[in-house]
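In: Here you go, sequence then predicted model.
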Amino acid sequence: MDRKRTARLARRLAPSLGLLGCVLLALALAGTHVSSAQEASGPEDASDRGIPRWTLHFGGFRSLQDLSALPGGEAWGIDAIETSLAPGRQTQTAFVHVHQGIWRAARFVEGQRLRALDLTGPSFGLAVGDEGAAWRFDGQRWRDIGPAPSQGEDLGSIDMVDATTGWATGRGGTILRWDGQDWQPEAAPFEIDGSEIVEVAAFGGGQAWAITRAGHVLRRDERGWSVDSAAPESRGWQNMAFRTAEHGILAGRSLFELRDGAWRPIGEPDVRYRSPVWLGETALLLADDRPVRYRDGVFSPVEWMPGPLGDNLGLRVQRWLKAVSPTEAWAFGAANSVTRVPLAGEGAWLWPAIDELETVDALPEGLGWAGGATLTHGLVGGGLTGAWANLVPQAPGTTISDVDLLSLDEGWAVGRFVPPGDPLGAEGRMWRWDGEAWRDHPINKLWGMRRVQMLSESEGWASGDNVVVRWDGERWNQVAGAPPEAAQGDLSVVRGGEQPLGFFGAQGKVFRLSGDTWDMWTLPVAELVQAVAAPAADEAWALTRTRLYRFDGQDWTDVTPRMSPLSVLSDAEALGPANLWLLTEPSGLLHWDGTRWTEHDLAPLGYLSTPFRLRALRLAPEGPSTDIWLVGEPAMVARYHLSPVFTRIALPWLSR
């Protein structure tokens, strides 16, 4: 059995065997020593070099399409997106899990677009999508059970009564009934002439309602499906919601209510109504993108309590509503914003939201923090297990651009604040971690902070658009004599004290501070040096968007690895001499061990995710295991744990 097949087998068995068991199995089956010889011209696949393990701690999804809630604030959602960008059109679906207020993609599905899901309890749910795609949830994981018998038609709506009864509908007049084990096709009324059935609502006793793109209202009873001739017909139907089989609302270009056996118009003629949901006997729905309440013929507004974005919900266009409990719904809007809408209408607030994450750092003890561009929160943090649950509110316009942790009780973050609508009012910002909270640290507001590196509690370095500063244990002081250009890019300080040594990136240049002397090298390409990694005085790396340079103590040499012509370099991190991690866009993770480049797989993050900062962490100073932390957009925190395989182990009881 070859090494790649062995590694793949070990990864499939990982959940049941554990990490140590998989390592032993891979070694026993492979029976070969991993060679260290390779041509440096091209990266090698890392699948035979160790047992990788991915954890997505936060975020990772782009545009939520549907959601089904469970008691206690837990929910599952579907995030589906297509792109036509290189290397060609790609489709991706993420199953999004909501737990204790934290949202993250729990699983990525490549090549399928799912559109709707419904859960009947914590141990059963179904999801459907294009070309009959069908998935089932068993309380632990989602698994593919498709394709459903839709004759290749796309499925876009699903509603379940319980684990044994429910319907899914879609294009071409497709209607499928779930019988507890599989999908069974049902005949649609001939009058709809194959029109797309855009939404379905299911009830016990074999009853259900549906609406079509062409404006038909369908009803199902013990005789099957038929067109409700008494219902209003409108080509503008978008959504419907039924509280019982005899009481419901149709929303679109007009708004109708079924009650006491009759349909009647309700609402204002010039208002566009969408996405009704029932909370008990009261309906919530969107009226021109703002939630309103409706009960017994009376509409009333939802009063908004000021939150992180104020009380003007026009800042976040609402797209659809979903009931999550008998007394609460969530409104989903632009930029993945989620607004709580309680039935009583006394207030609303936004879920934690970050546009993108720009920086991350973590400690071997298990603490980590990531920061980025703020919608309502700027920092998210947590430990090595589970979703990150610690969020730090920041005013809109704040960006945390770099984080460096010294210990569980000491760390620094830098960034900037740009008042909304006033780009000329930008201010530099710093925050200090004291073991309990991130606290604002006063600095000169004219310092446009972007990078920070801490050497100890009494020494640190930071730079920004226009300044290089140094921490002396009590205050940050501007470094006298620093070339203004040296503040433009990244920094990497090898040692401090009275004779500091560090490297600073600039536009087409690298500066070195040695004692109080600044040396300068001009690079062949006049691009910004956006990342500098210096593990030693005689080894440093400088990264631009297209080139990678290596310093040998005297000169800088172009050592850019062979990549796709469409790729650009994003970030670099050195764990030590001859130990460099390199991140590229489109997503690529490369490792240099002094003799060769090794390529590591980013597929578990999803092909449509874009990590653009990384932080490498050796868990034990002399140990082989490494954690690579990545952040990017959509806002995500991911950890890649690698335990390399170096030697052959004889296991006589397995080799007979």
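Out: On my side now, so go ahead. All figures in this text were calculated on a predicted structure; none of them were measured in a lab.

In: what are the bridge partners for Leu379, then?
Out: On the basis of DSSP bridges, Leu379 is bridged to Gly371, Val392.

In: thinking it is in contact with Ile400, fair?
Out: Yes - between Leu379 and Ile400 there is a contact under C-beta atoms under 8 Å: 5.9 Å. Just so you know, the C-beta spots here come from the backbone N, C-alpha and C atoms, and that holds for glycine as well.

In: so what sits against both of the two?
Out: Residues touching both Leu379 and Ile400 (C-beta atoms under 8 Å, 6 or more residues apart in numbering) are 371, 394, 413, 431.

In: Of the residues you listed, which one scores lowest on pLDDT?
Out: Lowest in pLDDT among the shared contacts of Leu379 and Ile400 is Gln394, which has 90.

In: Just give me the neighbour total for that one.
Out: Look at Gln394: counted by other C-beta atoms under 10 Å, it has 25 neighbours.

In: Excluding sequence neighbours, find me the nearest residue to it.
Out: Residue nearest to Gln394 in three dimensions, not counting chain neighbours: Gly378, with 3.3 Å by C-beta to C-beta, 6 or more residues apart in numbering.

In: Could you check how far Asn444 is from Ser150?
Out: Applying C-beta to C-beta, to the nearest Å, the value for Asn444 to Ser150 is 63 Å.

In: These two: which is more packed in?
Out: Counted by other C-beta under 10 Å, Asn444 and Ser150 do not tie: Ser150 has more neighbours, with 25 against 13.

In: Check which element follows the strand or helix carrying Leu117 along the chain.
Out: Using DSSP states H and E, Leu117 maps to strand 114-121. Sequence-wise, the next helix or strand downstream of strand 114-121 (DSSP H and E) is strand 124-129.

In: For Leu67, state which of the shared contacts of Leu379 and Ile400 is nearest.
Out: Distance to Leu67 across the shared contacts of Leu379 and Ile400 (C-beta to C-beta) is lowest for Gln394, with 26.2 Å.

In: got a list of what the closest one touches?
Out: 374, 376-379, 400.

In: Same list (the residues you listed) but as TSV, adding neighbour count and pLDDT.
Out: Converted to TSV, these look like this (neighbours: other C-beta atoms under 10 Å; pLDDT from 0 to 100):
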residue	neighbour count	pLDDT
Thr374	23	87
Thr376	19	80
His377	21	87
Gly378	29	92
Leu379	26	95
Ile400	28	97
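
In: between those, which is closest to Trp330?
Out: Closest approach to Trp330 among the contacts of Gln394 (C-beta to C-beta): Thr376, at 14.9 Å.

In: And that closest one, how close does it get to Val338?
Out: 10 Å.

In: cool, and Glu459?
Out: Computed as C-beta to C-beta, the Glu459 to Val338 distance reads 42 Å.

In: More neighbours: those two, which one.
Out: Neighbours were counted for Glu459 and for Val338 using other C-beta under 10 Å; Val338 has more, 20 against 17.

In: Just confirm the more buried one contacts Ala331, I think it does.
Out: Yes - the pair Val338 / Ala331 is scored as a contact, 7.3 Å apart, by C-beta under 8 Å.

In: need the strands for the stretch 251-400 of the chain, in chain order.
Out: In order along the chain, the stretch 251-400 of the chain carries the following strands (DSSP state E, counting those that start in this stretch): 255-259, 262-266, 273-279, 282-287, 290-295, 298-301, 318-325, 328-333, 338-342, 354-362, 368-374, 377-382, 390-393, 398-407.

In: C-alpha coordinates for the longest one, PDB please?
Out: Output of strand 398-407 as PDB, limited to C-alpha atoms (Å, rounded to 0.1, in the frame of the first residue of the first chain):
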ATOM      1  CA  THR A 398     -12.600  50.000  14.100                       C
ATOM      2  CA  THR A 399     -10.000  47.500  12.600                       C
ATOM      3  CA  ILE A 400      -7.700  45.300  14.700                       C
ATOM      4  CA  SER A 401      -4.800  44.600  12.400                       C
ATOM      5  CA  ASP A 402      -2.300  42.700  14.600                       C
ATOM      6  CA  VAL A 403      -2.300  40.800  17.800                       C
ATOM      7  CA  ASP A 404       0.700  39.400  19.800                       C
ATOM      8  CA  LEU A 405       0.200  37.400  23.000                       C
ATOM      9  CA  LEU A 406       3.100  37.000  25.500                       C
ATOM     10  CA  SER A 407       1.300  34.900  28.100                       C
END
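
In: List of residues touching the helix or strand following that strand?
Out: Counting by DSSP H and E, the next helix or strand C-terminal to strand 398-407 is strand 410-417. By C-beta under 8 Å, 6+ apart, the surrounding residues in contact with strand 410-417 are 359, 361, 369, 371, 378-379, 395, 397-405, 426-435, 438, 441, 448-452, 454, 457, 460, 462, 464, 471.

In: re earlier: okay, the strands of the stretch 251-400 of the chain, which one's buried deepest?
Out: strand 368-374 (a mean of 27; mean count of other C-beta atoms under 10 Å).

In: what about it, distance to the chain center?
Out: Once both centres are worked out by C-alpha atoms, centre = their mean, to the nearest Å, strand 368-374 turns out to sit 13 Å from its chain's centre.
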